[in-house]
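> coordinates only, sequence not included:
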């Protein structure tokens, strides 16, 4: 079917690819300022590169826990209504990981630019064909 990815029910961009965006975006948000899970989820929606695949709250909490296990994020409990919140902040290792993602995404952006250029050329050729 035209406009649908090949392979049936699997959505384009699902799985591991989305996880790397979750990780990178959370690191960026924490580089801007410390935050807690729910607040980070609200901020994430504004920068997540795949709007149709914005992660749910449980995925965000899992990603934060993984980043904490890696040493990229450190957290502390802060007092508040309902028992408090676990506030996270970026560590030096987190900054290194964020720089890695920035370099990786810039390289991918260059590759995507080449893809779009060639797609445009191919499309123009297709439209000229009898």
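Arrived safely, thanks for sending. Since this is a predicted model, take the numbers as computed values, not measurements.
> Please, which helix or strand holds the residue nearest in space to the middle of the chain?
In the chain, the residue lying closest to the centroid (Cα atoms, centre = their mean) is residue 21, at 1.9 Å. Element membership of residue 21 [criterion: DSSP states H and E] is helix 16-32.
> Which neighbouring elements make contact with that helix?
Counting contacts by 3 or more Cβ pairs under 8 Å, 6 or more residues apart in numbering; DSSP states H and E, helix 16-32 packs against helix 37-47, helix 57-70, strand 73-78, strand 85-90, helix 92-128. Bear in mind the C-beta positions are built from the backbone N, C-alpha and C, glycine included.
> tell me the most buried of those?
Neighbour counts (mean count of other Cβ atoms under 10 Å) averaged over each of the helices and strands packed on helix 16-32 peak at strand 85-90, with a mean of 18.
> And the pLDDT at the nearest residue to residue 70 once chain neighbours are set aside?
Counting by Cβ to Cβ, 6 or more residues apart in numbering, residue 93 is the residue found nearest to residue 70 once chain neighbours are left out, at 7.0 Å. Listed pLDDT for residue 93 reads 97.
> Then residue 74?
At residue 74, the pLDDT value in this model is 97.
> how about low-confidence regions in the chain?
For the chain, the stretches with pLDDT under 70 are 1-16.
> For residue 32, which residues are in contact?
Counting by Cβ atoms under 8 Å, 6 or more residues apart in numbering, residue 32 makes contact with nothing.
> Next one: it from residue 38, what distance?
As judged by Cβ to Cβ, to the nearest Å, residue 32 and residue 38 stand 16 Å apart.
> Residue 46 too?
On the measure of Cβ to Cβ, residue 46 and residue 38 end up 15 Å apart.
> swap in residue 120?
As judged by Cβ to Cβ, residue 120 and residue 38 stand 42 Å apart.
> cool, residue 88 as well?
The span separating residue 88 from residue 38 equals 12 Å under the rule Cβ to Cβ.
> likewise residue 116?
Distance, residue 116 to residue 38, by Cβ to Cβ: 36 Å.
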